[in-house]
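**Q** just a sequence and a predicted model for now, questions to come.
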Amino acid sequence: MSTGGLIVAAVLLVLLALTPAVIAQGKGRPFWGWWFLGLFFLLPALIAALIIRPTDLTKRQGLATEGYRACPYCAEMIRPQAIACRYCGRDLPPGGVAPEPAERWSPDADEAADRAWRQVEGNN
Ligand SMILES: [Zn+2]
């Protein structure tokens, strides 16, 4: 093969490697990692890119653009018209975005309670 033919083949490979990279990126995967993979293993990378599942974040973003919202109790994505969550079964306020539940554990709240308790005990 001539030098010119080698260059053409290299450019073609670099461009072809973009295919699995673009597909994988659409599913929330790193573009350049998949491009690199496609450079050396084009066919396996292409097949893998086609069969991998989208990341949870990508799925959530897709659902959010369709009007889905996160359940305030279990954080699963639910339909905007839902009055009960299909995942955790809890009732939701009809219409609009459900308010945050009043009681929800968080590390900050736990720490604050701990601090308050130590002050009451007087052994801070
Ligand atoms: Zn739920």
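**A** Nice, I can see it.
**Q** CA atoms only for stretch 10-30, dumped as CSV, please.
**A** Provided in CSV are the C-alpha atoms of stretch 10-30 (Å, rounded to 0.1, in the frame of the first residue of the first chain):
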residue,chain,number,x,y,z
ALA,A,10,-5.9,6.2,8.8
VAL,A,11,-8.2,9.2,8.2
LEU,A,12,-11.1,6.8,7.4
LEU,A,13,-10.5,4.8,10.6
VAL,A,14,-10.4,8.0,12.7
LEU,A,15,-13.7,9.1,11.2
LEU,A,16,-15.3,5.6,11.5
ALA,A,17,-14.3,5.5,15.1
LEU,A,18,-16.5,8.5,15.6
THR,A,19,-19.6,6.3,15.0
PRO,A,20,-19.4,4.2,18.3
ALA,A,21,-18.3,7.4,20.1
VAL,A,22,-21.4,9.4,19.0
ILE,A,23,-23.7,6.5,19.8
ALA,A,24,-22.2,5.9,23.2
GLN,A,25,-22.2,9.6,24.0
GLY,A,26,-25.9,9.7,23.3
LYS,A,27,-26.3,7.1,26.1
GLY,A,28,-24.3,9.2,28.5
ARG,A,29,-20.9,7.6,28.0
PRO,A,30,-17.6,9.4,27.6
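**Q** buried residues in it?
**A** Within stretch 10-30, the residues that qualify as buried are Ala17, Thr19, Pro20, Ala21, Ile23, Ala24, Gln25, Gly28, Arg29, counting by 16 or more other Cβ atoms under 10 Å. To be clear about C-beta, it is placed using only N, CA and C from the backbone, and glycine gets the same treatment.
**Q** who are the packing partners of whichever strand or helix holds Pro44?
**A** In the assignment (DSSP states H and E), Pro44 maps to helix 42-51. Helix 42-51 sits against helix 18-26, helix 31-40, with contacts defined as 3 or more Cβ pairs under 8 Å, 6 or more residues apart in numbering; DSSP states H and E.
**Q** nearest to the ion, of the ones you listed?
**A** The ion sits nearest to helix 18-26 of all the helices and strands packed on helix 42-51, at 27.6 Å, using Cβ to the ion.
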